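Participant: Generate coordinates for the sequence data below:
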Amino acid sequence: MNFNNHMGGFPICFLLVMIHPFLVFNIPVPEDCSSEPYRDGEGGGLQLECHLSAINSEAEKTNFSVIPAEHTLSLTVKCGDKSSQSQLEPQGFRSLLWLEELSIKDCNIDRIPDRAFLGLTRLKSLAIKSETNGVLTFTRGAFEGLANLQSLDISENSVRL
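Facilitator: The predicted structure is shown next:
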């Protein structure tokens, strides 16, 4: 069978290239998030950038389970309200089973609790760039369960173990 003449003269590879972006962009994401193909379409997943006022502040709870877990491979969370205290919860990201990269930026986090990232067994890269006025504290169990972690960037924080 001649693939170039199949489908009215359109090569099949051309059709796949034309359809692929539409498949990725038709996945619904939360209003405060923007999406694009992960690493220029590698693996068919999404990279999301979500803009929040804060993570689990006194005023509102953050529910990461509304993010399309089966498609999200990279997540950047940016906080806009630097005066509100952000708080990570144990297993707060557990619904994002396929996540490979997580970046938390400009959030006023002063403490990483035990098991904060438990459930993210595929996570390879974690970056936390907190806007705390003090010291970022975490315990030994904060990174429990991150067996595939290859990169941890906490370089822009004052850290206490």
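
Participant: now do the same end-to-end measure for stretch 49-60.
Facilitator: End-to-end span of stretch 49-60 (Cα to Cα, to the nearest Å): 19 Å.

Participant: Run through the helices of the chain in chain order.
Facilitator: For the chain, the helices defined by DSSP state H occupy 12-25.

Participant: how close does the most centrally placed residue in it sit to Arg140?
Facilitator: Closest to where the C-alpha atoms of the chain average out (Cα atoms, centre = their mean) is Leu75, at 1.7 Å. To Arg140, Leu75 is 25 Å away according to Cβ to Cβ, to the nearest Å. In short, each C-beta sits where N, CA and C put it, glycine included.

Participant: Next: Val159.
Facilitator: For Val159 relative to Arg140 (Cβ to Cβ), the value is 14 Å.

Participant: Please identify which of those two sits among more neighbours.
Facilitator: Neighbour totals were compared for Val159 and Arg140, and Val159 leads with 14 against 8 (other Cβ atoms under 10 Å).

Participant: And the residue nearest to that one when sequence neighbours are not counted, what's its pLDDT?
Facilitator: In space, and not counting its chain neighbours, Val159 is closest to Leu136: 5.2 Å by Cβ to Cβ, 6 or more residues apart in numbering. Per-residue confidence for Leu136 comes out at a pLDDT of 90.

Participant: I'd say Leu136 and Ala116 touch.
Facilitator: No - taking Cβ atoms under 8 Å as the definition, Leu136 is not a contact partner of Ala116, at 11.9 Å.

Participant: So between the two, which is more surrounded?
Facilitator: Counted by other Cβ under 10 Å, Leu136 and Ala116 do not tie: Ala116 has more neighbours, with 26 against 19.
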